[in-house]
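K.L.:
with the sequence up front, the predicted model follows.
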Amino acid sequence: MSPLVSALNLYDIANVKGVAADLSHCNTPSQVLDFTGASELGNCLKGVNVVVIPAGVPRKPGMTRDDLFNINANIVKTLVEAVADNCPDAFIHVISNPVNSTVPIAAEVLKQKGVYDPKKLFGVTTLDVVRANTFVAEKKNLKLIDVDVPVIGGHAGITILPLLSKTKPSVSFSDEEVEQLTIRIQNAGTEVVEAKAGAGSATLSMAYAAARFVESSLRALDGDGDVYECSFVQSDLTDLPFFASRVKLGRKGIEAMIPSDLQGLSEYEEKALEALKPELKASIEKGIAFAQKQPVTA
Ligand SMILES: NC(=O)C1=CN([C@@H]2O[C@H](COP(=O)(O)OP(=O)(O)OC[C@H]3O[C@@H](n4cnc5c(N)ncnc54)[C@H](O)[C@@H]3O)[C@@H](O)[C@H]2O)C=CC1
Ligand SMILES: O=C([O-])CC(=O)C(=O)O
């Protein structure tokens, strides 16, 4: 099995081969590895361009993403150490929750290893965009392929902030629709966790979202000059050190942030943005404190 297929195999989905075929047009000799399937981690990582980290435990009903911190923080730390040692130039896609903390952990580990490139570290929030697009398309009877809703902030509860006022194509929403859609998008992960009743979280839709983000990264590495995705990254768009927003991807990772996305927000969005900051700040700080207390292995 090629490394690419082994990456996506984790998710046990029927269309994995379709995804792999879609990626095959990329000229970059990229490999995408699933750590969770790799026994000789170091060897497998040499020369890899994109590393996807979905390893860790999922939520059970009643848990928050932060409840996964105690187990997943260490898993992410260990895996990012291996990336730092073996393929420090790779794009790193962190899926493991709580993303609001695991990305800052990854950044600290890379710093301690002396190889941190903030342009290449990504928290995967693509699923929030996929959900926002889907729910808006349903509500407004639009073709899904035409809809694009930026989602900013972080990846847990109220830190997930869909910017419905910036939906493309331009559509208007009543105040009630904004409230209803925002809450649905914020709670969609929990909705799946509850529906699966202890059997895991949104594995299948995450596979779709991960494949989209990987494909975008490979297109950027290939030199496509028109690749934009939302992601939770080191950021100076707000007073928080990490923040999810639309970024332009290029061969060297993030080529540009898009400050205009945060301008001209609706009153509802402005308030929601201020309201999410304390929770997001606390999750970021928790990740940084964890990594600083547990120095990397030499
Ligand atoms: N960022 C996002 O939008 C999303 C994030 N997630 C998160 O992704 C993570 C995985 O979720 P699922 O794939 O649904 O769970 P899963 O249980 O189906 O798969 C997790 C995988 O991690 C592996 N694993 C467990 N402990 C490990 C360790 N110590 N080292 C290496 N690998 C280990 C398991 O063997 C398994 O293959 C969870 O933390 C979940 O919360 C899930 C969905 C969406
Ligand atoms: O909700 C979860 O535990 C998994 C996740 O991050 C999502 O589905 O957005």
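P.N.:
Arrived safely, thanks for sending. Ligands and ions are numbered 1, 2, ... in the order given.
K.L.:
so how far is the strand or helix carrying Thr182 from its chain's centroid?
P.N.:
Element membership of Thr182 [criterion: DSSP states H and E] is helix 175-196. Put simply, helix 175-196 sits 18 Å off its chain's centre (CA atoms, centre = their mean, to the nearest Å).
K.L.:
what sits against the closest residue to Ala244 other than its chain neighbours?
P.N.:
Excluding the flanking residues, the one nearest Ala244 by CB to CB, 6 or more residues apart in numbering is Phe232, at 4.1 Å. All C-beta spots, glycine's among them, are computed from the backbone N, C-alpha and C. Contacts for Phe232 (CB atoms under 8 Å, 6 or more residues apart in numbering) come out as Val99, Asn100, Val103, Phe122, Gly123, Val124, Thr125, Gly154, His155, Phe242, Phe243, Ala244.
K.L.:
looks to me like the last one is in a helix.
P.N.:
No. The secondary structure assignment for Ala244 gives strand rather than a helix, going by DSSP: H, G, I helix; E, B strand; the rest coil.
K.L.:
and the residue of the stretch 101-250 of the chain found nearest ligand 2, how far from Ala202?
P.N.:
Nearest residue of the stretch 101-250 of the chain to ligand 2: Gly189, at 2.4 Å (CB to the nearest ligand atom). Gly189 sits at a distance of 6 Å from Ala202 (criterion: CB to CB, to the nearest Å).
K.L.:
next, show the common contact partners of these two.
P.N.:
Between them, Gly189 and Ala202 share the contacting residues Leu127, judged by CB under 8 Å, 6+ apart.
K.L.:
spell out which residues of the stretch 51-200 of the chain are next to ligand 2.
P.N.:
Taking CB under 6 Å from any ligand atom as the criterion, the stretch 51-200 of the chain approaches ligand 2 at residues Pro58, Arg59, Arg65, Asn97, Leu127, Gly189, Thr190, Val192, Val193.
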